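Trainee: coordinates for the following, if possible.
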Amino acid sequence: MSVAQRLTPPTCARARVRTRASTTPPEVKRAIDAARWRAGLEPASNVPWTACQVVRGEIPPELTGTLYRAGPGRCRLGSTKYAHWFDGDGYVSAIELDAGDNSVRCSGRYVETARWRRQRDADGGDGGNDDTVGSSGVAMRGAWTQASSVMANLGRFPTNPSNTSIIAHAGEVLACCEGGAPVAMDPATLATKGEISFGSSLPMGFSAHSKQDPRDGTLYTWGLKKPPFIGISVAKVSANGEVLKVVDMPFPTGVPEFALLHDCAMSENYLTFFMCPWVLPKENIAGALSGLSSFGHSFRWSDERETWMVVVRKSDLSVVHAKNVPAFSSYHTCDSYEENGKLKVLYCKLRGSRAELEKNFGDMYASEWTAAQYNDLHEMTIDIATGDVTDAIAMPTNADGERDMTKMIGMEFPLVSPLTQSRHKPKYVYTLANTCGEHGYFDSIQKLNLETKTAETRLSPSGCFPHECAFVPQSDGVDEDDGYLVHVEYDASRAAANVLILDAKRVQDEPVAEIQLPMHIPYSFHGAFVPKM
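Mentor: Presented below is the predicted three-dimensional model:
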């Protein structure tokens, strides 16, 4: 039975969600009072399937299915903040849409990883969102956050929060994070089924940005090798979950090292990786690996290093090019395509300092966001035969203090239509942006036209903060932008989530449909839309 065929949850009653809320610590309350977007970070509760209210429009037939989102369900344990946003405990939300009767229902649950269960048991509660959470301190070591007990850190490799993305593959719905193996979730109940190991040869890490080839469903993933080995491996997994090949990633010094490799770009025939010089210095390795110091906070930006680019052939995972390019910082790529013997890669290039960005992530409740913490869209051109590289910004951008909505605004989470992705040059890129106005955080969605070099900007209403979008094509669409953008937003006026469905051709128009959810979904990272079959 396919993943899509198993996605219909049991019928739920039209009821108001009743969940226990923990007491908000005074420091957190002051932070939220100073900037209301921060309330979108507040802990989630486990929510059973519950009816939602469609307050505007009708759900298009193409949106009949389930929108999954993954992110940190909490980035604090009571009054104890995790030392990095990315350490937050994984939480999966599911929004099931039905165009037939214009109805929606939603659910959300924590991913019950080993660390989540250990925390629950140590606190003595049910692990949800009440005042028992964090009463025992931090139970297990995370990638950035040390456990409260020194002995719980020593000799312990950082645990996996399973908080970054949802991937539907080989008949499973997987909560993924590069900190470990993917975790299968029951699509009917969102109960945690357990870790999935497609094969013993896979690396310890399984990328949250694993790429699925639209032609045959083959999945390409990568991650840190299993301890005690050092380095990164790249793997090729068939549509039915068979591990086809695993190879080691080359490193600039010729010696494997620890690196944070979050994303890659996939074209028809190639994978392109960028290893930015955010490195684990030799003098920090012993403390990071022994548990005496934080693993993630031991990394530093190296002005002596460049960005290491590796191009891999998808057919056999052989290395086509491995070379240094001028240094830049990037978490996410957008797309890649091949054209006249050239490999083109659209990617996010951070405007400012990586160290300052990580400082914001280290305490999101205290973070302040300026244009320097966001990205510009760049396009790198790689000569497939020679490896020669050129790079250029994709379109005009706002200068400091300028707020021209027809230019590119500092952004993240770029996406293109699945109809063009990895196949040919896209005309349009959709991004999540921050105009650096009154909102203080992501406040808009931009549609970048790479041909005219102009942008259309949809500014969110005051007090509404969008999550990453998903693009769902129209079934009878002809143009590249015939489709829908669907996204969750945090609505500060309700302290709850909305779902908006936008016409991708006319992003500034009123939403095609707007749904109010009776639950809070903390800011999520990535997700997937799975159509109902």
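
Trainee: C-alpha from now on. contacts and neighbour counts both.
Mentor: Noted.

Trainee: list the contacts of the helix or strand hosting residue 320.
Mentor: Residue 320 belongs to strand 319-325 when elements are defined using DSSP states H and E. With contact meaning CA atoms under 8 Å, 6 or more residues apart in numbering, strand 319-325 is reached by 250, 252, 306-313, 384, 387, 389.

Trainee: out of these, which sit inside strands?
Mentor: 307, 308, 309, 310, 311, 312, 313, 389 (DSSP state E).

Trainee: of the residues you listed, which is the most crowded?
Mentor: Neighbour tally across the ones in strands among the contacts of strand 319-325 (other CA atoms under 10 Å): the maximum, 24 neighbours, falls on residue 311.

Trainee: pretty sure that one contacts residue 271?
Mentor: Yes: using CA atoms under 8 Å, residue 311 is in contact with residue 271, at 5.7 Å.

Trainee: ok, residue 77 touching residue 133?
Mentor: Yes: counting by CA under 8 Å, residue 77 touches residue 133, with 5.6 Å between them.

Trainee: just to revisit the earlier point, note down every partner strand of the strand holding residue 320 and its orientation.
Mentor: strand 307-313 (antiparallel) (DSSP bridges).

Trainee: how far is the strand it pairs with from where the chain is centred?
Mentor: Here strand 307-313 shows a centroid-to-chain-centroid distance of 22 Å under the convention CA atoms, centre = their mean, to the nearest Å.

Trainee: helix/strand/coil for residue 284?
Mentor: At residue 284 the chain is in helix, as set by DSSP: H, G, I helix; E, B strand; the rest coil.

Trainee: and it, what is it in contact with?
Mentor: 298, 299.

Trainee: residue 386: neighbouring residues, count only.
Mentor: Neighbours of residue 386 (other CA under 10 Å): 10.

Trainee: what sits against it?
Mentor: Residue 386 neighbours (CA under 8 Å, 6+ apart): none.

Trainee: just to revisit the earlier point, can you pick out the most distant pair from the ones in strands among the contacts of strand 319-325?
Mentor: 307 and 313 (19.7 Å; CA to CA).

Trainee: so for stretch 33-43, what gets flagged as buried?
Mentor: Buried positions in stretch 33-43, judged by neighbour count with 16 or more other CA atoms under 10 Å: 35, 36, 37, 38, 39, 40, 41, 42, 43.

Trainee: likewise stretch 53-73?
Mentor: 53-54, 58-60, 62-73.

Trainee: can you tell me which of these are in strands?
Mentor: Checking the buried residues of stretch 53-73 against DSSP E, those in strands are 53, 54, 65, 66, 67, 68, 69, 70, 71, 72, 73.

Trainee: check contacts around the third one.
Mentor: So the one you mean is residue 65. Contacts of residue 65 (CA under 8 Å, 6+ apart): 7, 96, 97, 98, 529, 530, 531, 532.

Trainee: please identify which of those is nearest to residue 240.
Mentor: For these, the nearest to residue 240 is residue 530 (17.0 Å; CA to CA).

Trainee: OK, contacts around the closest one?
Mentor: 4, 65, 66, 67, 68, 168.

Trainee: for stretch 318-336, measure first residue to last.
Mentor: 18 Å (CA to CA, to the nearest Å).

Trainee: for the stretch 101-250 of the chain, just list every one of the helices.
Mentor: Along the stretch 101-250 of the chain, the segments classed as helices by DSSP state H, counting those that start in this stretch run 114-123.

Trainee: hey, what's residue 444 bridged with?
Mentor: residue 433, residue 459.

Trainee: surely it and residue 436 touch.
Mentor: No: if you go by CA under 8 Å, residue 444 and residue 436 don't touch, sitting 10.2 Å apart.

Trainee: ok, these two, which is more surrounded?
Mentor: The residue with more neighbours, out of residue 444 and residue 436, is residue 444; 22 against 18, by other CA under 10 Å.

Trainee: what number of residues lie near residue 200?
Mentor: Residue 200: 8 neighbours (other CA under 10 Å).

Trainee: can you check the pLDDT for it?
Mentor: Note for residue 200: predicted pLDDT of 92.

Trainee: likewise residue 81?
Mentor: pLDDT, residue 81: 97.

Trainee: okay, now the unreliable bits of the stretch 401-533 of the chain?
Mentor: The model of the stretch 401-533 of the chain has no residue with pLDDT under 70.

Trainee: mind doing that once more with 80?
Mentor: 401, 437-439 (pLDDT under 80).

Trainee: swap in the chain?
Mentor: 1-22, 399-401, 437-439.

Trainee: what's the spatially closest residue to residue 408 that is not a sequence neighbour sitting at in phi/psi?
Mentor: Nearest residue to residue 408, sequence neighbours excluded (CA to CA, 6 or more residues apart in numbering): residue 397, at 4.5 Å. Dihedral pair for residue 397: phi -130, psi 160, per degrees, to the nearest 10.

Trainee: which residues touch residue 397?
Mentor: 376, 407, 408, 409.

Trainee: 7 Å instead?
Mentor: Residues near residue 397 by CA atoms under 7 Å, 6 or more residues apart in numbering: 407, 408, 409.
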